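Student: give me a model of this one.
(chains A and B)
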There are 2 protein chains.
Amino acid sequence: MVPTAAPQTFKLGLVQMRCAADPAVNLERAVAKVREAAARGAQIVCLPELFRSRYFCQTEDHANFDLAEPIAGPSTQALGIVARESQVVIIASLFERRAAGLYHNTAVTIDPSGQIAGMYRKMHIPDDPLYYEKFYFTPGDLGFSAVDTDVGRVGTLVCWDQWYPEGARLTALDGADVLFYPTAIGWHPAEKAEFGPAQSDAWRTIQRSHAIANGVYVAAVNRVGHEATTGPASPGASTTGSANGSPAGGIEFWGGSFVCDPFGVVLAEASRTDEEILIVTCDRRHQETVRRHWPFLRDRRIDAYGGITRRFKD
Amino acid sequence: MVPTAAPQTFKLGLVQMRCAADPAVNLERAVAKVREAAARGAQIVCLPELFRSRYFCQTEDHANFDLAEPIAGPSTQALGIVARESQVVIIASLFERRAAGLYHNTAVTIDPSGQIAGMYRKMHIPDDPLYYEKFYFTPGDLGFSAVDTDVGRVGTLVCWDQWYPEGARLTALDGADVLFYPTAIGWHPAEKAEFGPAQSDAWRTIQRSHAIANGVYVAAVNRVGHEATTGPASPGASTTGSANGSPAGGIEFWGGSFVCDPFGVVLAEASRTDEEILIVTCDRRHQETVRRHWPFLRDRRIDAYGGITRRFKD
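Tutor: Numbering: from 1, shown residues only, chains lettered A, B, ... in the order given. Alright, predicted model coming up:
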């Protein structure tokens, strides 16, 4: 399924950034960073989850639906121009307004012609203290898929999806050479000392495991910086916190964007605190070699996996 | 599905051992190690994959079928006595002779009454230089499952299974609190310097990911020591080696047995070179806490996972 013109090697650009309160500022800064990544050789550039705003899901506030936009819409239009000018593929995570009262957390792939080449609606939606996403996003209805681009076949998933081996597997079975995970994940400051290291390590570990299980490159693109909780009180904000206390204190997004190879080896990793652009070269010949030597796809017991579609075996 | 009498905490015993040429010696040593683990408090003890012999799959030799035995058979009988005497659950990986010309790589769970409580036939069978398992083992036909024991509900998988998220998921969905992976994996000595660290790290990473994705304890039990390649020439032994040369030189089993908690945190890890018995306490309350705070089972998109039973989407 790889286009015959797909190059043996291709360069990813990961934009780890802070997000300000003003969506116009975030778009302007994102555009500048995409241009910088392209100037540094990136052929496909991924932005963090919902980069156009603060992570508004810290509260349940109907006014936040004003942040949503249609797809195609203002963001895809602006980024389409940049994609064409810089001749790059762009993966942009957007708050999609599909209809009145119907919204999704959607990642759009824009090709170097400026057109939308693919769209993915986040399938797994979290709902946890300060991550009240079930209030905002209808679970995706487009399934898991990959899309052909100038650099090869690319799969996009979003944040909470990264905890689900099924999503990675299905996207890889659709022919993806690389999986992108635009992300907005961080620590509750009150929990960080006790649980922080295990949390960010688990996040890194499970995404590396998707690379290993499927023989694909994986690129996780997170935001950085502390964002305070604002707006109306959230459901049970004073009672639904972790064992360690309430989730008050906002979220410290933990950065740590990274790319790993098809055997899970981390090739580049961004800091926990700063904005950063990672440029990483991927090699399809290396992927071929890894899959030949660790031929996991050969031996899958597809005759025995039917139970995966059950909730629990009870 | 946990028996009401299941304790809040329970102790695992992992026996990392070398295997000699003589099956009688291996059984004798395994029995002694199970007794030692029980004396140190283990309530469920797991032995490495095919501990009764050298790893005979380094060559394709029909004479090696003489190593197989029925289940129930001599090994389960001997271990049943130990289980009763020491009042422990034992997980034993055996070369099963099911009928003439029909063999499996089977893990048996023996309860403290000495009876066989469960049986698992390895589902994913490798066939790679020096791991010619497809010659010996018919892929399992019992599916993935967990079994009730005195310490709770336990799932058993075997070695190559550890690379497949589907196997771990299905066993967890059957109610397992802990997954055991009896294993025989090692380095080709000629490859070790260049590829060794990435290989053993990938092995550890993907098993930790099963713990994370499913909120279960995971225990991997490997053998240690170098075993030379003996017997008739193997298929293409001089040509099917890695990019780095032929697989001649036997296998250096890399030990590194470990237990991780339901969030992938490694609780104990054995050496790469020595025999060792790990005793590790698991806490069902901790598992409950991890699953409450990282509720991945809540959000699975079972409506969208049907494609898992396809070989490839093409």
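Student: give me phi/psi at residue A:313?
Tutor: phi -100, psi 90 (degrees, to the nearest 10).
Student: hmm, it is touching residue B:176, no?
Tutor: No: counting by CB atoms under 8 Å, residue A:313 stays clear of residue B:176, with 10.2 Å between them. In short, each C-beta sits where N, CA and C put it, glycine included.
Student: more crowded one of the two?
Tutor: Taking neighbours as other CB atoms under 10 Å in any protein chain shown, residue A:313 and residue B:176 compare with residue B:176 leading, 26 against 15.
Student: spell out which parts of the stretch 151-300 of chain A neighbour chain B.
Tutor: A:160, A:163-167, A:169-170, A:173-175, A:198, A:201-202, A:205-206, A:208-210, A:212-213, A:242-243, A:263-265, A:289, A:293-297, A:299-300 (CB under 8 Å from any CB of the partner chain).
Student: for the longest helix seen in chain A, which helices and strands make contact with it?
Tutor: Taking DSSP state H as the assignment, the helix of chain A that covers the most residues is helix A:189-214. Using 3 or more CB pairs under 8 Å, 6 or more residues apart in numbering or on different chains; DSSP states H and E as the contact test, the elements touching helix A:189-214 are helix A:165-173, strand A:178-182, strand A:186-187, strand A:217-221, strand A:251-254, strand A:258-260, helix B:189-214.
Student: low-scoring stretches of the stretch 101-250 of chain A, by residue?
Tutor: Residues of the stretch 101-250 of chain A that meet the criterion pLDDT under 70 lie in A:231-248.
Student: okay, and the beta partners of the residue nearest the centre of chain A?
Tutor: Geometric centre of chain A, nearest residue: residue A:182, 1.8 Å, by CA atoms, centre = their mean. Beta-bridge partners recorded for residue A:182 (DSSP bridges): residue A:221.
Student: so it sits right up against residue A:105, yeah?
Tutor: No: applying CB under 8 Å as the test, residue A:182 and residue A:105 come out as separate, 9.4 Å apart.
Student: now do the contacts for residue A:199.
Tutor: Contacts for residue A:199 were tallied using CB atoms under 8 Å, 6 or more residues apart in numbering or on different chains; they are residue A:187.
Student: separation between it and residue A:252?
Tutor: As judged by CB to CB, to the nearest Å, residue A:199 and residue A:252 stand 11 Å apart.
Student: same thing with residue A:61?
Tutor: From residue A:61 to residue A:252 the distance is 21 Å (CB to CB).
Student: rewinding a little: just the buried ones among the residues of the stretch 151-300 of chain A next to chain B, please.
Tutor: A:160, A:163-167, A:169-170, A:173-175, A:198, A:201-202, A:205-206, A:208-210, A:212-213, A:242, A:263-265, A:289, A:293-294, A:296, A:299-300 (16 or more other CB atoms under 10 Å in any protein chain shown).
Student: can you name the residue of the stretch 51-200 of chain A nearest chain B?
Tutor: residue A:165 (3.4 Å; CB to the nearest CB).
Student: just give the closest residue to that residue, not the sequence neighbours.
Tutor: Ranked by CB to CB, 6 or more residues apart in numbering or on different chains and with sequence neighbours excluded, the top spatial neighbour of residue A:165 is residue B:165, at 3.4 Å.
Student: re earlier: list residues touching both of residue A:199 and residue A:252?
Tutor: Common contacts of residue A:199 and residue A:252 (CB under 8 Å, 6+ apart): residue A:187.
Student: now residue A:272, nearest residue through space, not along the chain?
Tutor: residue A:255 (4.7 Å).
Student: what's the spacing between that neighbour and residue A:202?
Tutor: Counting by CB to CB, the gap from residue A:255 to residue A:202 is 16 Å.
Student: quick one: work out the angle between the helix or strand in which residue A:109 is found and strand A:178-182.
Tutor: Per DSSP states H and E: residue A:109 is located in strand A:102-110. Using axes from the mean of the first three to the mean of the last three CA atoms, to 10 degrees, the inter-axis angle of strand A:102-110 relative to strand A:178-182 is 130 degrees.
Student: quick one: list the elements packing against the helix or strand following strand A:102-110.
Tutor: Sequence-wise, the next helix or strand downstream of strand A:102-110 (DSSP H and E) is strand A:116-121. Packed against strand A:116-121 by the contact rule (3+ CB pairs under 8 Å, 6+ apart) you find strand A:102-110, strand A:146-149, strand A:152-156.
Student: what is the subsequent helix or strand relative to strand A:116-121?
Tutor: By DSSP H and E, the next helix or strand past strand A:116-121 is helix A:133-136.
Student: and that following helix, does that touch chain B?
Tutor: No: judged by CB under 8 Å from any CB, helix A:133-136 stays clear of chain B, getting no closer than 8.9 Å.
Student: starting at the chain centroid, how far to that helix?
Tutor: Centroid separation for helix A:133-136 versus its chain: 17 Å, with CA atoms, centre = their mean, to the nearest Å.
Student: ditto for stretch A:101-110
Tutor: The answer for stretch A:101-110 is 12 Å, by CA atoms, centre = their mean.
Student: same thing with stretch A:104-119?
Tutor: 14 Å.
Student: ok so, going back, wait, the residue of the stretch 51-200 of chain A closest to chain B sits on residue A:213?
Tutor: Yes: at 6.6 Å, residue A:165 counts as touching residue A:213 under the criterion of CB under 8 Å.
Student: give me the common contacts of these two.
Tutor: residue B:165.
Student: can you name the residues that contact the residue nearest to the centre of chain A?
Tutor: A:46-51, A:91, A:93, A:107, A:156, A:158-159, A:221.
Student: repeat the analysis, applying 7 Å as the threshold.
Tutor: Going by CB atoms under 7 Å, 6 or more residues apart in numbering or on different chains, residue A:182 touches A:46, A:47, A:48, A:49, A:91, A:93, A:107, A:158, A:159, A:221.
Student: in a markdown table, list those along with neighbour count.
Tutor: What follows is the contacts of residue A:182, written out as a markdown table (neighbours: other CB atoms under 10 Å in any protein chain shown):
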| residue | neighbour count |
| --- | --- |
| A:46 | 33 |
| A:47 | 32 |
| A:48 | 30 |
| A:49 | 26 |
| A:91 | 29 |
| A:93 | 28 |
| A:107 | 28 |
| A:158 | 27 |
| A:159 | 27 |
| A:221 | 30 |
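Student: can you give me the helices for the stretch 201-314 of chain A?
Tutor: Counting by DSSP state H, counting those that start in this stretch, the stretch 201-314 of chain A has helices at residues A:284-293.
Student: chain neighbours aside, what residue packs nearest to residue A:121?
Tutor: residue A:140 (3.1 Å).
Student: before we move on, what about residue A:211?
Tutor: Per CB to CB, 6+ apart, closest to residue A:211 is residue A:218, 4.3 Å.
Student: what about that neighbour, neighbour count?
Tutor: With other CB under 10 Å as criterion, residue A:218 counts 27.
Student: go on, the one 5 residues further on?
Tutor: When neighbours are counted by other CB under 10 Å, residue A:223 registers 28.
Student: can you give me every residue that contacts it?
Tutor: A:17, A:18, A:19, A:48, A:184, A:253.
Student: same thing but 10 Å
Tutor: Each residue near residue A:223 by CB atoms under 10 Å, 6 or more residues apart in numbering or on different chains is listed here: A:15-19, A:47-51, A:54-55, A:182-186, A:251, A:253-255, A:257, A:275.
Student: and if you look at residue A:161?
Tutor: Contacts of residue A:161 by CB under 10 Å, 6+ apart are A:105, A:107, A:120, A:122-126, A:140, A:144, A:167-168, A:171, A:179, A:181-183, A:210, B:299, B:301.
Student: swap in residue A:301?
Tutor: B:123-125, B:139-140, B:143-144, B:161, B:164, B:166-167, B:170, B:309.
Student: with residue A:179 instead?
Tutor: Counting by CB under 10 Å, 6+ apart, residue A:179 has contacts A:146, A:154-157, A:161-162, A:167-168, A:171-172, A:207, A:210-211, A:214, A:216-220.
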